[in-house]
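> Sequence and computational prediction follow.
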Amino acid sequence: MATLSRLAKYAFPNRTSFARLQHPLQNSALVRRCSLLLVESNDSNARTMATSAQPLPKYQEFMSSATLIRDKAYIDGKWVGSADGETFDVINPATQEKIGVVADCGPEDTQRAIEAAFHAFQTWKKTTPKQRSAALRRWFELITKHTKELSMILTAENGKPLAEAEAEVASGASFFEWYSEMIRHVTGEVIEAPAKGRQLFAIKEPVGVCGLITPWNFPSSMLARKVSAAVAAGCTVVMKPAAETPLSALALAALAEEAGIPPGVVNIVAGKKASEIGKVLCESPLVAKISFTGSTHVGKLLMQQSALTMKRVSMELGGNAPFIVFDSADLKAAVEAAVFCKFRASGQTCICANRILVQEKIYDEFVQKMGEEIEKKLKVGNGFDQSSTQGPLINRKALDKVTAHVEDAVSNGGKIVRGGKGHKAGPQFFEPTLIRDVPEDALIMREETFGPVAPIVKFRTEEEAVKIANSTSVGLAGYFFSQDMAQIWRVAKKLEVGMVGANTAMISTVEAPFGGVKESGLGREGSHYGLVEYQNVKYICLGGL
Ligand SMILES: NC(=O)c1ccc[n+]([C@@H]2O[C@H](COP(=O)([O-])OP(=O)(O)OC[C@H]3O[C@@H](n4cnc5c(N)ncnc54)[C@H](O)[C@@H]3O)[C@@H](O)[C@H]2O)c1
Ligand SMILES: O=CCCC(=O)O
């Protein structure tokens, strides 16, 4: 408890007593911030002490008693089976057990959902910002109230440790709160005309029906950060979650219903026929926008399909984040951040460090300390086990990719410092792996690994590090550690990425614009930039004055 209080102090520096954190959001936020801080904490007992504060029921019992499990599509305010009656299984990646059976939607269901959304848009767009704000606030409060259940659903279908699932649910909730507040502050512009007798205005309008397609790695928060902004702006949506993790998204829809969001405003079709659902969404003339989070490969395909109807698109795509450690860095802070950044969600985040570049003077010491940190802080196991920090990979394909990256790195001269193979916890678990002396042209340096493998490369000069960092077609996040002020500003400007972490790896927050450059995508989510993605600007010229 002493350690937890210490962490709470860091998480809430302005609060004097942990006991005063009564509001559920504060507790969720505490769990989230503490779970992040745990990785940064020096105290090896901290994690156990923090998580053991929560009693954990067995997930099998929980799944049968959960109130937010839904197994159908939600279209026009009704829970309905798929048109062809087909279903698909949801599998726990930690145990390979079947944890749910969900309606397997296809083109016909998607078309119905689009029509419902289009119909609902005609009235939802006329609601006041105050009305939409209140609806989102109710949705936010329900998510917060159900954090525990939502987190357990998430861990059951995705495998991530429960503390990380709670952090994700809290992060998702924060977008509903944020946009419920922001929408009441939206304004237009009065522009002076160049000639007498006219007045010019610029106003904002919702873009229309939006297709929201999301991945399995953050099945709750990736959907939350889209739907909250869309609904706030006055849009209606058809959501398509990943087939690996439909339950978290369906649970959010169940809470939308409970929050009183009118029928047709929020629709959801889950299914294995991703390309068919995607095609209908992208090609429908009734859909005004596609917002996609996922791989660059699929993002490009969706943009091509959307071009036929000239849709607006937001694309949150893959990354290949460099993590650079300069000679002047605070080594301890850099090592802790590297382990956090690389191994969160078992390496399956789009902003995970994918390539670790370390300057020559501190190279050997960094490698040694990072190996020790991995040993000390990370524990592989089922996400429901209180002591686990590393869950499974999502499926066999992901494990095969990780294995191929390790084999390629080693066959090209990389040396394994620790890990390097599957873990005994189960067929989809992989040991947290550290490989040194990886050549620049190894597969792992060129592609996003999306797994718990940290390749380390030695560099000599700042110019060389920046060149390696930028030598990729994607540009989502980039990190570096340095204590040289001039270098900090220089390198932050030189990195070809959408997001920079300088002397920190904790960059995700609702207040900041999240998104990439190059082939990492288009548009931003979160912050005020995220709302604009769902608004059109209309110019009105009022004459005859
Ligand atoms: N930039 C970001 O904010 C961000 C966030 C999370 C994940 N990602 C990226 O997502 C990727 C991992 O997720 P993934 O493996 O689920 O990606 P993916 O592209 O395979 O799938 C993402 C979503 O698209 C759907 N999909 C797949 N093929 C489709 C098609 N032809 N038409 C329509 N929909 C289709 C999937 O069912 C899923 O819902 C990584 O590259 C990661 O970096 C990016
Ligand atoms: O993969 C996406 C990462 C999202 C986050 O950091 O909250």
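Cool, got the structure. Ligands and ions are numbered 1, 2, ... in the order given.

> Does the longest helix seen in the chain reach ligand 1?
Identified as the longest helix of the chain according to DSSP state H is helix 162-182. No: applying Cβ under 6 Å from any ligand atom, one finds helix 162-182 separated from ligand 1 by no less than 11.3 Å. Every residue, glycine included, has its C-beta placed from N, CA and C.

> for that helix, packing partners?
Counting contacts by 3 or more Cβ pairs under 8 Å, 6 or more residues apart in numbering; DSSP states H and E, helix 162-182 packs against helix 24-40, helix 46-51, helix 129-145, helix 147-158, helix 221-233, helix 529-532.

> Same question for the residue in the chain that ligand 1 sits nearest to, what's its three-state structure.
Proximity of the chain to ligand 1 (Cβ to the nearest ligand atom) peaks at Gly278, 2.2 Å away. Three-state call for Gly278 (DSSP: H, G, I helix; E, B strand; the rest coil): helix.

> Now do the contacts for it.
213, 240, 298, 301-302, 305 (Cβ atoms under 8 Å, 6 or more residues apart in numbering).

> Just those residues: which are in helices?
The subset of the contacts of Gly278 that ends up in helices is 298, 301-302, 305, with DSSP H as the criterion.

> could those go into JSON lines alongside pLDDT?
Shown next, in JSON lines, are those (pLDDT from 0 to 100):
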{"residue": "Val298", "pLDDT": "98"}
{"residue": "Leu301", "pLDDT": "98"}
{"residue": "Leu302", "pLDDT": "98"}
{"residue": "Gln305", "pLDDT": "98"}
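
> According to the record, where do the domains of the chain fall?
When the chain is parsed with automatic domain parsing, its domains come out as 1-64, 69-316, 321-509.

> quick one, which of those domains is nearest to ligand 2?
Using Cβ to the nearest ligand atom as the measure, domain 321-509 is the one of the domains of the chain that comes nearest ligand 2, at 3.4 Å.

> Is the helix or strand where Met315 lies in proximity to ligand 2?
For Met315, the host element (DSSP states H and E) is strand 312-316. No: counting by Cβ under 6 Å from any ligand atom, ligand 2 is not contacted by strand 312-316; separation bottoms out at 7.9 Å.

> neighbouring strands for that strand, and are they parallel or not?
Paired strands of strand 312-316, with direction, are strand 287-293 (parallel), strand 521-522 (antiparallel) (DSSP bridges).

> What residues does Gln359 make contact with?
Here Gln359 is in contact with 325-327, 458-460, 465 (criterion: Cβ under 8 Å, 6+ apart).

> Try it again at 10 Å.
324-329, 366, 458-462, 464-465, 481-482 (Cβ atoms under 10 Å, 6 or more residues apart in numbering).

> got it, and Leu378?
For Leu378, the contact set (Cβ under 10 Å, 6+ apart) comprises 39, 47, 339, 342-343, 346, 388-390, 418-419, 431-432, 452.

> top of those residues by neighbour count?
Ser346 (31 neighbours; other Cβ atoms under 10 Å).

> Phe459 versus that one, what's the distance?
Distance of Ser346 to Phe459, computed by Cβ to Cβ, to the nearest Å: 27 Å.

> still on that earlier bit, out of the ones in helices among the contacts of Gly278, who has the most neighbours?
Ranked by neighbour count (other Cβ under 10 Å), the ones in helices among the contacts of Gly278 have Leu302 at the top, with 23 neighbours.

> surely that one meets Lys289?
No: with contact defined as Cβ atoms under 10 Å, Leu302 does not count as touching Lys289 (11.4 Å).

> element containing the closest residue to Ser306 other than its chain neighbours?
If the residues on either side of it in the chain are set aside, Ser306 comes closest to Cys282, at 4.6 Å by Cβ to Cβ, 6 or more residues apart in numbering. Using DSSP H and E, Cys282 sits in helix 274-283.

> how big is the angle separating that helix from strand 312-316?
Per axes from the mean of the first three to the mean of the last three Cα atoms, to 10 degrees, the angle that helix 274-283 makes with strand 312-316 is 140 degrees.

> so Glu181 touches Ala232, yeah?
Yes: Glu181 lies in contact with Ala232 (Cβ under 10 Å); the separation is 9.3 Å.

> Have a look at those two and say which one is more surrounded.
Between Glu181 and Ala232, counted using other Cβ under 10 Å, Ala232 has the larger neighbour count: 28 against 14.

> residues contacting Leu522?
Contacts of Leu522 (Cβ under 10 Å, 6+ apart): 292, 299, 303, 312-317, 515-516, 533.

> which secondary structure elements does the one helix or strand Ala338 maps to contact?
Using DSSP H and E, Ala338 sits within helix 331-343. When contacts are defined as 3 or more Cβ pairs under 10 Å, 6 or more residues apart in numbering; DSSP states H and E, helix 331-343 packs onto helix 24-40, strand 321-325, strand 353-359, helix 363-377, strand 433-436, strand 453-459, strand 477-481.

> packing partners for the fifth one?
It stands for strand 433-436. For strand 433-436, the elements it packs on are helix 331-343, strand 353-359, helix 363-377, helix 396-411, strand 415-418, strand 453-459, judged by 3+ Cβ pairs under 10 Å, 6+ apart.

> Write out the residues of the protein neighbouring ligand 2.
So the chain meets ligand 2 at 171, 217-218, 221, 349-351, 508 (Cβ under 6 Å from any ligand atom).

> What are the neighbouring residues in contact with the nearest residue to Ser520 once chain neighbours are set aside?
Nearest non-adjacent residue to Ser520, counting by Cβ to Cβ, 6+ apart: Leu476, 4.0 Å away. Leu476 is in contact with 296, 316-321, 350-352, 354, 448, 497-499, 514-521, counting by Cβ under 10 Å, 6+ apart.

> Reformat the helices and strands packed on helix 331-343 as TSV; add distance to Glu86 and mean pLDDT.
Shown next, in TSV, are the helices and strands packed on helix 331-343 (distance: least, Cβ to Cβ, whole Å; pLDDT from 0 to 100):
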stretch	distance to Glu86	mean pLDDT
helix 24-40	36	35
strand 321-325	38	98
strand 353-359	37	98
helix 363-377	43	98
strand 433-436	39	98
strand 453-459	37	98
strand 477-481	38	98
